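K.L.:
Need the 3D shape of this:
(one chain, ligands or ions: 2)
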Amino acid sequence: MKELVIISGKGGTGKTSITAAFAALADNAVVADCDVDAADLHLVLAPHVMQTQDFVGGKRAEIDPHRCTRCGLCVDVCRFDAVKRPHVDGDYCIDAISCEGCGVCAAFCPQQAIAFEDCTNGQWFVSETRFGPMVHAALGIAEENSGKLVSLIRREARRIAEEEKKDLLIVDGSPGIGCPVIASITGADMVLIVTEPTLSGMHDLGRVAQLAANFSIPTRVCINKADLNPRIAQDIENNAHKRGIGVAGRVRYTDAFTKAQIMQCSIVEYADGAEAAEDTRNLWRNVTHGF
Ligand code: SF4
Ligand code: SF4
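P.N.:
Ligands and ions are numbered 1, 2, ... in the order given. Reported below is the predicted structural model:
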């Protein structure tokens, strides 16, 4: 079983549209949506949820006002300014958004007035789609620990793929180069970077390509919306070659992608997107040929 992770560096390049098309083109695959901070693959694949589990990713501090003597030590030791001192009378409290869950305040409180307990950061799901199993998640608003959740989703998707003797695991990774992306790509067999011919697309491609190189993962590039700026598209291709990265394909710009999404289908299932669908099929052939 091989694992292909689709990432983008920059957001909005069409990574999820390409992932959805690959899910449709694969014969025997499991799909994992690891873009947990902004999951949207489900909008196209319309999964039927079979199992739901809570994601307990961290701990949260909470002050018991009945035990607190208002000494203020927790304000001093918190490096994240998460403990709020009352202006006049009132209770010390912890701002859940600012709290990083480090536990220092609870360890130092002389009255043991701060509870430090597991918290539920979201939910994750095992689902069935028209193309096979899918593992995905919904992280709560402003919740942390998305890297941990990505690792959990990948682990579960791998387990299902091995159990059901699938040939391929297709992972929709996170944008950027931070912790969730590292959790998305570590140990993968191939990374496909979907970029677009803009200066920010080219810049972010360089950053994420370097990240993949640091983990020695074979990497390919897809230039999506390639005809929007042929000169930058060519610069991207030249830069990729200099880095030793193959360009697996160019996909033309068309509003058929958006129209397909509105119809809850991928570009290769959408009747009025034949040329972009053919670009995507060529991309798929070139990427899977690399395994
Ligand atoms: S350290 Fe403990 S006792 Fe002191 S203000 Fe904070 S919660 Fe209250
Ligand atoms: S758990 Fe850490 S970040 Fe949160 S309030 Fe306590 S010291 Fe601050």
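
K.L.:
which residues in the stretch 1-150 of the chain form strands?
P.N.:
2-7, 29-33, 48-63, 83-84, 93-94, 114-129, 132-139 (DSSP state E, counting those that start in this stretch).

K.L.:
Tell me the strands beside the fifth one, with direction?
P.N.:
Looking at strand 93-94 with DSSP bridges, its partner strands are strand 83-84 (antiparallel).

K.L.:
what does the partner strand rub up against?
P.N.:
63, 74-75, 92-95, 105 (CB atoms under 8 Å, 6 or more residues apart in numbering). In short, each C-beta sits where N, CA and C put it, glycine included.

K.L.:
repeat that for 7 Å
P.N.:
Where contact means CB atoms under 7 Å, 6 or more residues apart in numbering, the residues beyond strand 83-84 that reach it are 74-75, 92-95, 105.

K.L.:
Just the pLDDT for the nearest residue to His136 once chain neighbours are set aside.
P.N.:
Spatially, and ignoring its direct neighbours in sequence, His136 is nearest to Asp33 (4.0 Å; CB to CB, 6 or more residues apart in numbering). Per-residue confidence (pLDDT) for Asp33: 96.

K.L.:
bridging residues for Asp33?
P.N.:
Asp172.

K.L.:
how near is it to Cys78?
P.N.:
From Asp33 across to Cys78, the span is 34 Å (CB to CB, to the nearest Å).

K.L.:
Neighbour count: the two, which is higher?
P.N.:
Asp33 (29 against 21; other CB atoms under 10 Å).

K.L.:
Can you tell me the closest non-neighbouring residue to Gly273?
P.N.:
Nearest to Gly273 is Ala256, by CB to CB, 6+ apart, at 3.1 Å.

K.L.:
I'd guessed that neighbour sits against Ala271; true?
P.N.:
No: in this structure, Ala256 is not within contact of Ala271 by CB atoms under 7 Å, at 9.3 Å.

K.L.:
give the contact list for the residue nearest to Gly273.
P.N.:
Ala256 sits in contact with 267, 270, 272-273, 276, where contact means CB under 7 Å, 6+ apart.
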